[in-house]
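[1] A structural model of the following input is requested.
(2 chains)
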Amino acid sequence: MVAVYESQLRKGALDLAVLALLARGESYGYELTQSLIDAGFDGLGDATIYGTMRRMEQGGLVTARLEPSPDGPARKYYALTADGKHHLQQGAERWNELAASMSELLGRR
Amino acid sequence: MERVGGVHERAPGAPMIAANGPTIGAAGIERYVDEIGRRLRDLARVERDSIAADLVQHLHEAGCRSFDECVERLGAPATYADGLREGLGLAPFRPARSPRIAALLVVVVALAGACAFWWASRPSPVPANFAPLQPMSSMIAGSHVRSAGTGMVIELGATETTDARLVAVLRNDSDRAIRVDHIGVPLIWVRANGTSTIGGSADEPLRRGEVELSAVWTTDVRIEPVADPFRIETTAHERTGAPFTPFIWDPGESYAISVAGPVAACRAELAPFDQRGGDVQVDFTVGNSYLTYTIGMWTLDTTAC
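    Numbers count the residues shown, from 1 in each chain, chains lettered A, B, ... in the order given. The predicted structure is shown next:
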C-alpha cells in the first residue's frame, strides 16, 4: 500500500521534476533518468520517463534535438521552451502551496 | 543541430525502425519495438509510427543492441509499453477481441436474438382450466328479466311470435387479451314439466349440443361493450344478418352477449317451466391456442310463456 502511494506521488510530481531538471540546462534521456533517480524517482521506469518526455515535447513544453555523441549513438537533448518555463513557474507555485498546506495538516496530527 | 521528433511514415507491414535515427540492423530491436507497437495499436497509425521511430532512437541511446539486451535493461516489451502508455498519459492497453472471437460473439448474439424472437412468438401455453370470461351481476330493464344466481341474466321469452332473449354479461378477468372468433348458441333447451318443447319431445329430449340453434331459431347475436353492468340497456335485435366480426377482448373489459330469436315451440299451456336457459358458446383464441368456452346460461326463475 505504501509502495503504491509512493509510486503515485512520484508519478504526480514527475512532470514538474523533469521541468525543474531541464531548467538547470538541457539534458538527454539517460542523463535525465539518472538525475531523476538521484532525486528519488527510482521507482519510475525508463519507459514512463521516455513517454513523459515525448508527451511534454508534443505539448510544446520541451524541445528536442539530436546531437552526435563521440562515445556512441546520437543523443537526443531536451530543453525547456518558453511554455515549459511558464508551466514550471506555475507548477512550482502550486506545489509550494500544496506542500505548505500538507505540512500544516500533517503538523496538526 | 538537427531537430527531431517529427512524424515518420513507414510502409504498412514494414518494421518500426527509425527513419532519421541511426541504422540499426539488429532485428532484435525491431522485434522489441514491434512488440511494443502491438500494445499501441489503438493509436492512430501516424502517431504509432512516430513513437516507433522515436523509440528506436531512444533504445539505441539506452545502449540496447539486441532483443535480449532490451529486455534485460528495460524489461519485457509489454511492461515497457505499459510504462510508455503511462508516461504518454494513455489508458492501459486493452487487447482488442480477435476477429474470430468477434465473429463468435456476433453468432452468439444472433442466436440469442433468434431464441428471444422464437420465445416471444411461440404459441402461448394456456393453463389448464383457463377460464378468462367470468359472468357479472347485471340487470336489464324489462318485465321478463330475472337475474340468475350465477350473475347471468336470462330473458326467455314469451310466445311463438315474440323473441326469446338470452343475455350474458361477461368480463375478461384474465391478464390476457382474447381474440373472439365466434359466438354461437348451439342449442336452446327448455323443459316444461318434464317435456322438451323445443326441437325434441318427451320421449326423445334434446341433448345439449345436438342441434344448432339456427335450426330452431332465427338467431341474432349482439355484442355490446358494457361500462356498467347495472346500467345495461339492450336494444332490440334487428336481425341484420351481418356476419360476426372477430374482435379483441382486452383484460378487464366487459361485454354483454345477447342472443335473441323467436321460440319455435314455447307453449303457454305447458308453463310454468321449471328450468330454462341455454348455452352461449364463445370460441376464442389466446395467443396461438384456440379454445372453445361454453357459458351456461341458466335460471331457476320461472316466467310465463
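[2] List the buried residues in the helix-or-strand element of chain A with minimal mean pLDDT.
    Counting by mean pLDDT, DSSP states H and E, the weakest-scoring helix or strand in chain A turns out to be helix A:2-23, with a mean of 82. Within helix A:2-23, the residues scored as buried using 16 or more other C-beta atoms under 10 Å in any protein chain shown are A:10, A:11, A:13, A:14, A:15, A:16, A:17, A:18, A:19, A:20, A:21, A:22. Bear in mind the C-beta positions are built from the backbone N, C-alpha and C, glycine included.
[3] ok now do whichever residue of chain A sits closest to chain B, which residues does it touch?
    Chain B sits closest to residue A:51 of chain A, with a gap of 2.2 Å, by C-beta to the nearest C-beta. Counting by C-beta atoms under 8 Å, 6 or more residues apart in numbering or on different chains, residue A:51 makes contact with B:83, B:84, B:85, B:86, B:87, B:88, B:89.
[4] tell me which element it is part of?
    Using DSSP states H and E, the element containing residue A:51 is helix A:46-58.
[5] next helix or strand past that helix?
    Downstream of helix A:46-58 (by DSSP H and E), the next one is strand A:62-69.
[6] other SSEs contacting that next one?
    Using 3 or more C-beta pairs under 8 Å, 6 or more residues apart in numbering or on different chains; DSSP states H and E, the elements in contact with strand A:62-69 are helix A:2-23, helix A:46-58, strand A:72-80, strand B:2-3.
[7] Now render those as TSV, adding distance to residue A:105.
    Listed next are the helices and strands packed on strand A:62-69 as TSV, based on distance: least, C-beta to C-beta, whole Å:
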stretch	distance to residue A:105
helix A:2-23	15
helix A:46-58	28
strand A:72-80	32
strand B:2-3	45
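[8] quick one: residue B:73 and residue B:63 touch, right?
    Yes - counting by C-beta atoms under 8 Å, residue B:63 is a contact partner of residue B:73 at 6.7 Å.
[9] Residue B:134 pairs with what?
    residue B:171 (DSSP bridges).
[10] so what's it up against?
    B:170, B:171, B:173.
[11] What distance do you get for it to chain A?
    As judged by C-beta to the nearest C-beta, to the nearest Å, residue B:134 and chain A stand 68 Å apart.
[12] What about residue 81, how many residues nearby?
    No chain specified, so I'll use chain A. Applying other C-beta atoms under 10 Å in any protein chain shown, we find 17 other residues in the vicinity of residue A:81.
[13] um, chain B though
    23.
[14] Excluding residues flanking it in the chain, which one is nearest it?
    residue B:39 (3.7 Å; C-beta to C-beta, 6 or more residues apart in numbering or on different chains).
[15] Hmm, residue B:83 and that neighbour touching each other?
    No - assessed by C-beta under 8 Å, residue B:39 is found out of contact with residue B:83, at 10.7 Å.
[16] Could you list the low-confidence segments of chain A?
    A:1-5, A:71-72, A:108-109 (pLDDT under 70).
[17] So what does residue A:82 look like in phi/psi?
    Here is the backbone geometry of residue A:82 (degrees, to the nearest 10): phi -60, psi -40.
[18] contacting residues for the spatially most central residue of chain A?
    Computing the C-alpha centroid of chain A and ranking residues by C-alpha atoms, centre = their mean puts residue A:18 first, at 1.9 Å. Neighbouring residues of residue A:18 by C-beta under 8 Å, 6+ apart: A:32, A:36, A:49, A:52, A:53, A:56, A:62.
[19] and if you look at residue B:82?
    Counting by C-beta under 8 Å, 6+ apart, residue B:82 has contacts A:47, B:39, B:92, B:93.
[20] Excluding covalently adjacent residues, which one is nearest to the last one?
    When you say that, I think you mean residue B:93. Per C-beta to C-beta, 6+ apart, closest to residue B:93 is residue B:39, 4.5 Å.
[21] So what does the one you found have for phi and psi?
    Torsion angles, degrees, to the nearest 10, at residue B:39: phi -90, psi 10.
[22] residues near it, how many?
    20.
[23] where's it relative to residue B:33, distance?
    11 Å (C-beta to C-beta, to the nearest Å).
[24] try residue B:178
    72 Å.
[25] same check, this time on residue B:110
    Counting by C-beta to C-beta - residue B:110 and residue B:33 are separated by 40 Å.
[26] For the two, work out which one has more neighbours and name it.
    residue B:33 (26 against 10).
[27] didn't the more buried one look like it was pressed against residue B:56?
    Yes - with contact defined as C-beta under 8 Å, residue B:33 counts as touching residue B:56 (5.7 Å).
[28] phi, psi of the residue lying closest to residue B:132 once chain neighbours are set aside?
    For residue B:132, ignoring the flanking residues on the chain, the nearest one in space by C-beta to C-beta, 6+ apart is residue B:174 at 3.4 Å. Residue B:174 has phi and psi values of phi -90, psi 180 when expressed as degrees, to the nearest 10.
[29] I'd like to know how many residues surround residue B:174.
    18.
[30] Show me where the stretch 1-150 of chain B dips below the pLDDT cut-off.
    Using pLDDT under 70, the stretch 1-150 of chain B drops low at B:1-26, B:96-97, B:121-131, B:135-150.
[31] Pick out the residue of it closest to chain A.
    For the stretch 1-150 of chain B, C-beta to the nearest C-beta, closest residue to chain A: residue B:87, 2.2 Å.
[32] dump the residue contacts of that residue.
    A:47, A:48, A:49, A:50, A:51, A:52, A:53, A:54, A:55.
[33] which SSE is it in?
    Assigned by DSSP H and E, residue B:87 falls in helix B:77-88.
[34] Specify the angle between that helix and helix A:2-23 in degrees.
    Angle between the axes of helix B:77-88 and helix A:2-23 is 60 degrees (criterion: axes from the mean of the first three to the mean of the last three C-alpha atoms, to 10 degrees).
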